[in-house]
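1. 3D, please:
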Amino acid sequence: MERDHANRSRPVAFNLSKFDDWKVRKQAHLSAIYDEMWDLISGGPIVVMMVNTQKAAQGADPETMIPKPKSQHTSDEKTRANLDNVARDILFKSLDDSLFQKVRKCTTAKQIWDTLMSLGERDEQEKDNKLTVSMKKFEDFKMMPNEAITDIELRFRKLMGDLSDLRKEPTEKEKNLKIL
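-> Below you'll find the model as predicted:
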């Protein structure tokens, strides 16, 4: 279990023009640090629970759970409970000053992530505009003068990735298209 969060590679900066790439990289980065890191981004901070012994002693449902006091946390529970702080720090460090101002009052990593997702994904009209531009690039796609096969393949894969990110399913013709 990796616990050294300070010695990580430099954070990937949030960039609206490359939002989809940032999102994938940040998800992978957070998940790689600790298995449960992505769970708290999607579901909120981890709360360590324990059986409510007072309820159990009164004959009530012994499975009634309550938050465990921090003073009783084991070392592993302290690490898990602190993951939200680690995730917040990682997300904050990926933002420039103007974007930080938009999330600085967020109290959980989930709130930060949700705010960044709404900024990055924007409204459907902008997504439709991006799709239109990408489709036009696809329709006009051709080999440039003096372009190597590897370069054209790279350009084509990027274009197909952009279309995929916009959730446009390729047609059968696009799926069968091969670059020679």
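
2. so where's this protein shaky on pLDDT?
-> Counting by pLDDT under 70, the chain contains low-confidence ranges at 1-11, 55-63, 123-125, 167-180.

3. show me the contacts for L119.
-> L16, L99, K102 (Cβ atoms under 8 Å, 6 or more residues apart in numbering). Backbone N, C-alpha and C define where each C-beta goes, glycine included.

4. among those residues, who's most crowded?
-> Most neighbours among the contacts of L119, by other Cβ atoms under 10 Å: L99, with 18 neighbours.

5. isn't it right up against F14?
-> Yes - at 5.8 Å, L99 counts as touching F14 under the criterion of Cβ atoms under 8 Å.

6. quick one: common contacting residues for these two?
-> The contact sets of L99 and F14 overlap at L116 (Cβ under 8 Å, 6+ apart).

7. Tell me where this structure has strands.
-> For the chain, strands defined by DSSP state E occupy the ranges 49-51, 65-67.

8. all helices of this protein, in order?
-> Counting by DSSP state H, the chain has helices at residues 19-33, 37-43, 53-57, 75-81, 83-93, 97-103, 109-121, 124-139, 149-165, 172-176.

9. Name the nearest residue to T115, sequence neighbours excluded.
-> Nearest non-adjacent residue to T115, counting by Cβ to Cβ, 6 or more residues apart in numbering: V103, 5.0 Å away.

10. Next, count neighbours for that neighbour.
-> Using other Cβ under 10 Å, V103 is surrounded by 19 other residues.

11. So it versus H29, what's the distance?
-> Going from V103 to H29 by Cβ to Cβ, to the nearest Å gives 17 Å.

12. Nearest spatial neighbour of the residue nearest the centre of the chain, chain-adjacent residues omitted?
-> In the chain, the C-alpha closest to the average C-alpha coordinate belongs to Q27, at a distance of 3.6 Å (Cα atoms, centre = their mean). Closest residue to Q27 apart from its sequence neighbours, by Cβ to Cβ, 6+ apart: W38 at 6.5 Å.
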